[in-house]
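*Asks:* when you get a sec, could you give me coordinates for this:
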Amino acid sequence: MSNTERRKIELRDFFLALSTDEREVFASKCGTTTGHIKHIYSGNRTCSERIAIEMDKYSSGAVSCDKLCPDMDFNYLRKQERLDNF
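*Replies:* Modelled structure (predicted):
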């Protein structure tokens, strides 16, 4: 298992480890609310691709966009970006 895979954690665990103020900041940076995040990790609502990417970005990769939106092929997008950079 790579270091990246090892450091991936569930959204719920990541979010609840934050202070109340940090949760508000994280939600705001991700373009959503703390209530919406709670619904996502509880399974009551799905996570949009946009919010999943923002959560991945603002958690420094600890929360995986791939786990939040398993039907989205983020690997395809990553490959395209690498091809575009050649």
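
*Asks:* only C-alpha atoms for contact and neighbour calcs from this point on.
*Replies:* Fine.

*Asks:* count of residues packed around Arg78?
*Replies:* By the measure other Cα atoms under 10 Å, the count of residues near Arg78 is 11.

*Asks:* give me the next element, helix or strand, following the lowest-mean-pLDDT helix or strand in the chain.
*Replies:* Ranked by mean pLDDT, DSSP states H and E, the weakest helix or strand in the chain is helix 3-7, scoring a mean of 44. Next helix or strand after helix 3-7 toward the C-terminus (DSSP states H and E): helix 11-16.

*Asks:* give me the below-cutoff pLDDT ranges for this structure.
*Replies:* Within the chain, the segments meeting pLDDT under 70 span 1-8, 81-86.

*Asks:* quick one: the helices in it?
*Replies:* For the chain, the helices defined by DSSP state H occupy 3-7, 11-16, 20-29, 34-42, 49-58, 65-68, 74-84.

*Asks:* which residues touch Glu24?
*Replies:* 33-34 (Cα atoms under 8 Å, 6 or more residues apart in numbering).

*Asks:* how far away is it from Ala52?
*Replies:* 16 Å (Cα to Cα, to the nearest Å).

*Asks:* swap in Ser42?
*Replies:* 15 Å.

*Asks:* tell me which of the two has more neighbours.
*Replies:* Using other Cα under 10 Å as the criterion, Ser42 and Ala52 rank with Ala52 on top: 20 against 12.

*Asks:* the residue lying closest to that one once chain neighbours are set aside: how many residues sit nearby?
*Replies:* Spatial nearest neighbour of Ala52, chain neighbours left out: Cys65 (4.7 Å); criterion: Cα to Cα, 6 or more residues apart in numbering. Here the count is done by other Cα under 10 Å, and Cys65 has 23 residues near it.
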